[in-house]
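Enquirer: Have a look at this prediction, sequence included:
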Amino acid sequence: MDLLQELEQAAQCLDCKILRNEPMSRHTTFRIGGPADLFLIVNDKSALREVCRKAQELEVKFYPLGNGSNLLVSDAGIRGAVVSLGKGFQKVEPCGQDELECGAGVSLGKLCKFAQRHSLSGMEFAWGIPGSAGGAAFMNAGAYEHSMSEVVSACSHVSSQGKVGILKGNHLQFGYRQSAYTGNGCVITSIRLKLKRGDADQITARMQELYQRRTSKQPLEMPSAGSIFKRPAGYYAGALIEQCGLKGRRVGGAMVSGKHAGFIVNAGGATCSDVLRLIELIQTTVCRQTGVQLECEVKRIG
């Protein structure tokens, strides 16, 4: 029995859903990515702890997966196991007058709607971001001058050794598109949000306003990973790319969006290789013409 088979056998005993050689193109918003050796859907924290512990014992690499946004997976796929959070990580509950406890697998859309129904303000900026709550905290997702760092007060997690823990306040180490979790190997299981009491109608109006702005300016109708580059100091990546005449530029099935140059879209049959070649072309052209070095925001795995 090989190491992956041992991990698979352990996962079966934990009531995980198991998929072998699962195409990651089915699980990323880019619709790109080769097969993962093992794809595990874990339904509760105790099972996640055991999967993490067993994977480390067997020295099998594993990769936590949220909603698959902000992610570019290799055409060759992923050697090891991908862990997706199932039904036990899909709840949102009030805890206190203006706080919510949210499972890491909850979509940002569901979280925003829950906050709105309970007249809690602070999550409006995230309405329309295609990510999970855990993934958003992991990378400190943000939009329209706001970010998760403003509302997340604590994150619970399972370490790569299978130990339960929690980080609070400054220990979360939020920065631009990063947190303590971007480098510590832990899997976020839930987040605690500190919001503000507000008016449900006003919250709804703000959500609708921002969503209309998002849909009018971003290519949400096409597969993408969201903004492909981090915002360089003093500039906007999309504006620099457009300035360099790269709107609509295409490599294979990957294309700089004609709607917003800060997005690379899958225009049909795009591969990871296509996207990487287009990223390199953009970076080289922008640096040569403007002197600004663009840094990727999208996480690459595999």
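Expert: Looks like it arrived, so ask away. Numbers count the residues shown, from 1 in each chain.

Enquirer: neighbours around residue 56, how many?
Expert: Per other Cβ atoms under 10 Å, the neighbour tally for residue 56 reads 16. Every C-beta, even on glycine, is put in place using the N, C-alpha and C of the backbone.

Enquirer: Need the pLDDT of residue 1.
Expert: We have a pLDDT of 56 for residue 1.

Enquirer: likewise the one 3 residues further on?
Expert: Note for residue 4: predicted pLDDT of 89.

Enquirer: what residues are up against it?
Expert: 37-38, 60, 80-81 (Cβ atoms under 8 Å, 6 or more residues apart in numbering).

Enquirer: List only buried entries from those residues.
Expert: With burial judged by 16 or more other Cβ atoms under 10 Å, the buried subset of the contacts of residue 4 is 37-38, 60, 80-81.

Enquirer: low-confidence ranges in the stretch 151-300 of the chain?
Expert: For the stretch 151-300 of the chain, not a single residue meets the criterion pLDDT under 70.

Enquirer: ok, which stretches of the stretch 201-302 of the chain are strands?
Expert: With strands called from DSSP state E, counting those that start in this stretch, the stretch 201-302 of the chain shows them at 224-227, 250-251, 254-256, 263-266, 299-301.

Enquirer: May I see those strands organised as a markdown table, with mean neighbour count and distance to residue 188 added?
Expert: As requested, these are exported to a markdown table (neighbours: other Cβ atoms under 10 Å; distance: least, Cβ to Cβ, whole Å):
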| stretch | mean neighbour count | distance to residue 188 |
| --- | --- | --- |
| strand 224-227 | 24 | 19 |
| strand 250-251 | 17 | 34 |
| strand 254-256 | 26 | 30 |
| strand 263-266 | 26 | 26 |
| strand 299-301 | 16 | 15 |
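
Enquirer: Output these in a markdown table, with distance to residue 204 appended to each entry.
Expert: What follows is the strands of the stretch 201-302 of the chain, written out as a markdown table (distance: least, Cβ to Cβ, whole Å):
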| stretch | distance to residue 204 |
| --- | --- |
| strand 224-227 | 24 |
| strand 250-251 | 39 |
| strand 254-256 | 34 |
| strand 263-266 | 27 |
| strand 299-301 | 32 |
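
Enquirer: what about the ones you listed, which gets the closest to residue 166?
Expert: strand 299-301 (23.6 Å; Cβ to Cβ).

Enquirer: which other residues reach that closest one?
Expert: 63, 70-74, 78, 139.

Enquirer: If we use 10 Å, what do you get?
Expert: 24, 28, 33, 36, 61, 63, 65, 69-74, 77-78, 80, 82, 135, 138-139, 177, 182, 225, 272, 275-276, 279 (Cβ atoms under 10 Å, 6 or more residues apart in numbering).

Enquirer: Sheet partners, orientation included, of that strand?
Expert: In the sheet, strand 299-301 lines up against strand 71-73 (parallel) (DSSP bridges).

Enquirer: Let me know the average pLDDT across the strand it pairs with.
Expert: Mean predicted lDDT for strand 71-73 stands at 96.

Enquirer: Who are the packing partners of the following helix or strand past that strand?
Expert: Next in sequence after strand 71-73, counting helices and strands by DSSP states H and E, comes strand 78-85. Using 3 or more Cβ pairs under 10 Å, 6 or more residues apart in numbering; DSSP states H and E, the elements in contact with strand 78-85 are helix 3-13, strand 17-23, strand 35-42, helix 45-58, strand 62-65, strand 187-194, strand 299-301.

Enquirer: need the contact list for the residue nearest to residue 87 when sequence neighbours are not counted.
Expert: Distance criterion Cβ to Cβ, 6 or more residues apart in numbering; nearest residue to residue 87, sequence neighbours excluded, is residue 43 at 5.2 Å. Contact partners of residue 43, counting by Cβ under 10 Å, 6+ apart, are 14-17, 85-90, 105.

Enquirer: Now list the buried members of those.
Expert: 14, 16, 85-86, 88-90, 105.
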